[in-house]
Every structure is written in C-alpha cells, then in structure tokens.
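Q: Predicted model and sequence below, questions to follow.
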Amino acid sequence: MNFNDNRFCDHQSIYKKLMQLIPGLEQHIAPAEGVIRSRVEGRQDLMYSYVQKDSDGHHCISLAQEINCEGSPAPDPEMLIRVIPEQQFAEALTFLNRFVYHRVYDEYEDEPFVHIKHKYDLNEYLSNWLSTLIIHGHNIELGAQRINEHRGQRATNRNRTIDRGSSSECDIER
C-alpha cells in the first residue's frame, strides 16, 4: 500500500499538526494503558489514547472529544488515526460522532476495499479539526503526565471492540 499518495490530502501536513498537538508523539508513541486529557477552559476536553499497532506494525491512536449525551459522556467526535513516524505520515481511519460512523478501509467479499469519499472527507476533517484544536490551545503531553481515568477500559467506545485480525489498518467494529 502506498501511504504517500497525496491525491487525497497532505498526510505530512496532518502529521505535522499531530506533532504540534502532541509534541512527544515521535519519542513516546507506544502501547499505554489509559487516556491522556488536554483541558482548556471553556472547551471540550481532548482525549488521546494509544490503540494498537496494525497488522503492518504501524501505530494507531485515538483522539476524541466528549459531550454529555443524556447524562453520560460520549465521544463526539472520535477518530482513529494511523501514524507512521518514519515517513512523517498520518491518516484518518475512522470517524464516529452521535450520528454517523465512517471507516476508510473495509472489506467487500473478502477483498480489501477503500472508501475513496470517506478517505478524502475524513482526512480533510482531521486536518481542520487538528488546526482548531491547536488554535484553542490543546496540548497532549506524552511521557510527562498520564491521567488513567479509564483504567481497565479501552479508550474507544465501550460498545465497540478492536478487531486485531483484519487487514492492514486498525479496524474498529461496531
């Protein structure tokens, strides 16, 4: 798979924005338990978690913001992102909010399938969202402080599980 195909979005630009938002990501990206929060007065908290390595050994992370949905916190939005530090590359894999769930990579009749529109739209959204988070002053400090508020739970929504046996991306199944 050619991860440097820039027809859809500048993946290096997304990577650079991730480095601004999470300055220690290159040095500290690794499996970790728990969630790291960025709190900015008057804004939704931003949550970071390491999800897993995909079947090709690339890191997958989750970024989410929470809203109060019928008295319970719910991620809105939540995105799964593949990060390849050696190539200074990052791309959106999934998007979830209260109304919709989209994934870029899927399977159709046991064959890998790319949702081209989702690939473009999700990476465009991710790029804009990262810019907004940076402007609002969010910052994730890896290696310095871990807030394990969800110890023992996955950082992703509890009613979804991670399928570790799927194709070359980190899949989240509903």
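A: Arrived safely, thanks for sending.
Q: quick one: low-confidence ranges for the protein?
A: Judged by pLDDT under 70, the chain has its weakly predicted residues at 1-9, 33, 74, 144-174.
Q: Strands of that one, start to end?
A: Using DSSP state E, the strands assigned to the chain run over residues 36-38, 46-53, 59-69, 72-84, 89-96, 101-103, 105-108, 111-114, 161-163, 171-173.
Q: highest average neighbour count across these?
A: Here the criterion is mean neighbour count by mean count of other Cβ atoms under 10 Å, and of these the winner is strand 89-96, at a mean of 24. To be clear about C-beta, it is placed using only N, CA and C from the backbone, and glycine gets the same treatment.
Q: other SSEs contacting that one?
A: helix 11-21, strand 72-84, strand 101-103, helix 116-135, strand 171-173 (3 or more Cβ pairs under 8 Å, 6 or more residues apart in numbering; DSSP states H and E).
Q: Just the CA trace of it, in PDB.
A: Extracted as PDB, the C-alpha positions of strand 89-96 are listed here (Å, rounded to 0.1, in the frame of the first residue of the first chain):
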ATOM      1  CA  PHE A  89       2.800  10.300   7.800                       C
ATOM      2  CA  ALA A  90      -0.600  10.300   9.400                       C
ATOM      3  CA  GLU A  91      -4.100   9.500   8.100                       C
ATOM      4  CA  ALA A  92      -7.600   9.100   9.400                       C
ATOM      5  CA  LEU A  93      -9.000   5.600   9.500                       C
ATOM      6  CA  THR A  94     -12.400   6.100  11.200                       C
ATOM      7  CA  PHE A  95     -14.800   8.800  12.300                       C
ATOM      8  CA  LEU A  96     -17.500   8.500  14.900                       C
END
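Q: Sheet-wise, list the partners of that strand with their directions.
A: Using DSSP bridges, the neighbouring strands of strand 89-96 in the sheet come out as strand 72-84 (antiparallel), strand 101-103 (antiparallel).
Q: Thr132 is nearest to which of those strands?
A: If you check each of those against Thr132 by Cβ to Cβ, strand 72-84 wins as the nearest, at 11.3 Å.
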